[in-house]
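I'll drop the sequence and a predicted model, then ask my questions.
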Amino acid sequence: MKRTGILFFPAFDWSLGDSHPEREERLLYTQEQLFEEGILDLPQIKQFSPRVAAIKDVLRAQALFPHPGTHLETLDPHLISAGSSLLLGEAQVKGDIHNGFVMARPPGHHSGATVWGNRGFCSLNNEGMLVNYLRAQFGIKRIAIVDTDVHHGDGTQDIFYHDPNVLFISLHQDGRTLFPGTGFVHEKGGPNAWDQTLNIPLPPGTGDEGYHYVLENWVLPRLQAFAPEMIINSAGQDNHFTDPLASMNLTAGGYGRITELLQPDLAVLEGGYSIEGALPYVNLAILLALAGEDYHHVREPQKQKRSSLTLTALKPYIQELQKQQQAAKQKFSIQNKAHFPKGNWFYSPHSVYYDTEGFQETRHDYIRECSHCGGTVYIESRRYTQKSILVRIPFQACPSCEQGGYDLWEHIQQSREDIISGLLQNQLQDRYYVWTKKEGLREY
Ligand SMILES: [Zn+2]
Ligand SMILES: [Zn+2]
């Protein structure tokens, strides 16, 4: 029998405030709905209990700056939410389940490669940790992530931007009209992973029909061409027509069809803030679609108030987007710093706004040009006057990119610059070293 795994973790004691949309009720109504519908009695459904991820699981995907210790007090619910993804991912890879749905909170897709705090309700990236866990533990090479949350999955994009073995696709409401204001078609990946990031910004008012059209005509062919060993769906539900934060027009049944089209091995809940009007029904439809059951009878109590963009209006818009996406060219300049190991280093600056706490992170990313692997990555990250460094030796690193990573790491610890801490993320050996000027070196 093809089993579908589900895991609930409502994080009762974690919220960003009693009336904040990211609070425990987000999943409690869903739980009631699933009980009521008798879903848990279906013979193919298998329930799992959450587990806690380790700091090492975080460091495989993300640097915690200035160092992990500064985050420990706030991370517990995030570590359980992420740990739940790892657990269900592992069950899928081992063949205990055919597919699964991680219904845990807090969400994670706005949390990037470097983390100074919470942004967009996210402190750790559940899918980022999951993908790197499965690659490190089970030797899986190629994974695709399709992010169907209404917001651009900017954190996930950041984590895999230089990774040629992860295809990241994000469909979202156009960043000119919604947080986080990114996710445009010209963002196509770093120089060694060009075209492994695909952003599809959709106009407000896109409904089921339009969304499915884009999936069938753009996303699915792209997925097929990449031929991943595994597909993960960042299943945000804030495209629903009742969502208070966004302006899309999808229904619960529309979400069922998205799941049916994508056939993800794992769906991981992201956002979705219409707590009573949408989440219980959307979650139910996704789960039924995963379990191979009919989802067409699932109806939310409210009726759609506004009409959706018609396919006639949307088609030319999408065709134009596709043209722009194909035409977008690389714009990386080469900047070799004096202490950089030999080779060409591409430079890519950007800044990240942390909306929860209201500060800016400034990033300077450098990537070693390589045609054999993803290339050594060197990231300088600043928050106010604090400067921390991430050095990444990627999965499947070639010998000279591996050596390049060690040389940079050596340099950082002896440097007289104002660097206060760093992480050596050695994905090749699955070893992670945190260094701080005050306390020296620690291995995870
Ligand atoms: Zn969202
Ligand atoms: Zn290389």
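Okay, I see it. Because the structure is a prediction, the values reported are computed rather than measured. Residues are numbered from 1 along each chain as shown. Ligands and ions are numbered 1, 2, ... in the order given.

alpha carbons only for contacts and neighbour counts from here, please
OK.

contact partners for the residue most central in space within the chain?
For the chain, the residue nearest the mean C-alpha position is Thr156 (3.4 Å; CA atoms, centre = their mean). Thr156 makes contact with 109-112, 125, 127-128, 168, according to CA atoms under 8 Å, 6 or more residues apart in numbering.

mind listing which of these are in helices?
Counting by DSSP state H, the contacts of Thr156 place 127-128 in helices.

so which pair among the contacts of Thr156 is furthest apart in space?
Greatest spacing in those, by CA to CA: Ser111 and Phe168 (14.8 Å).

ok so, going back, could you measure from the residue nearest to the centre of the chain over to Glu270?
From Thr156 across to Glu270, the span is 12 Å (CA to CA, to the nearest Å).

remind me which residues of this protein are low pLDDT?
12-14, 16 (pLDDT under 70).

which bits of it sit near ligand 1?
Taking CA under 5 Å from the ion as the contact definition, the chain meets ligand 1 at 149, 151, 271.

most neighbours of all the residues you listed, which one?
In terms of neighbours by other CA atoms under 10 Å, these top out with His151 at 31 neighbours.

tell me the contacts of that residue?
172-173, 175, 178-180.

which of those residues fall in helices?
Going by DSSP H, the helices hold none of these.

for those residues, which one is nearest Thr259?
Among these, and counting by CA to CA, the member closest to Thr259 is His172, at 15.9 Å.

what is the neighbour count of the closest one?
Count around His172 with other CA under 10 Å applied: 28.

sec struct for the residue nearest to it when sequence neighbours are not counted, please.
Among residues not flanking His172 along the chain, Val150 sits closest, at 4.5 Å (CA to CA, 6 or more residues apart in numbering). Of the three states, Val150 takes coil under DSSP: H, G, I helix; E, B strand; the rest coil.

what's the answer for Asn233, then?
Assignment for Asn233 (three-state DSSP): strand.

residue contacts, it?
Taking CA under 8 Å, 6+ apart as the test, what Asn233 contacts is 145-148, 264-268.

can you check Ser307 too?
Ser307 touches 205, 249, counting by CA under 8 Å, 6+ apart.

pretty sure it is in a helix, no?
No - with three-state DSSP as the criterion, Ser307 is assigned coil and is not in a helix.

roughly how far does the residue lying closest to Gly181 once chain neighbours are set aside sit from ligand 1?
Nearest non-adjacent residue to Gly181, counting by CA to CA, 6+ apart: Gly175, 4.0 Å away. Here the criterion is CA to the ion, to the nearest Å. By it, Gly175 lies 12 Å from ligand 1.

and Gln360, what element?
strand 359-368 (DSSP states H and E).

got the CA coordinates for the helix or strand that that strand is followed by in PDB?
Next helix or strand after strand 359-368 toward the C-terminus (DSSP H and E): strand 377-383. Extracted in PDB, the C-alpha atoms of strand 377-383 (Å, rounded to 0.1, in the frame of the first residue of the first chain):
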ATOM      1  CA  VAL A 377      31.500  30.300  -1.600                       C
ATOM      2  CA  TYR A 378      32.800  33.200   0.600                       C
ATOM      3  CA  ILE A 379      30.100  35.500   2.200                       C
ATOM      4  CA  GLU A 380      30.800  38.600   4.300                       C
ATOM      5  CA  SER A 381      27.800  39.500   6.300                       C
ATOM      6  CA  ARG A 382      27.400  42.600   8.400                       C
ATOM      7  CA  ARG A 383      24.800  43.700  11.000                       C
END
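
adjacent strands (with direction) for strand 377-383?
Taking DSSP bridges as the criterion, strand 377-383 forms sheet pairs with strand 359-368 (antiparallel), strand 386-393 (antiparallel).

comparing these, which comes out most buried?
strand 386-393 (a mean of 24; mean count of other CA atoms under 10 Å).

hmm, it in reach of ligand 2?
No - applying CA under 5 Å from the ion, one finds strand 386-393 separated from ligand 2 by no less than 9.0 Å.

residues in contact with that strand?
Against strand 386-393 from outside (CA under 8 Å, 6+ apart): 63, 65-66, 114, 375-382, 401-402, 405, 408-409, 418-428.

roughly how far is that strand from the heart of the chain?
Relative to its chain's centre, strand 386-393 lies at 20 Å (CA atoms, centre = their mean, to the nearest Å).
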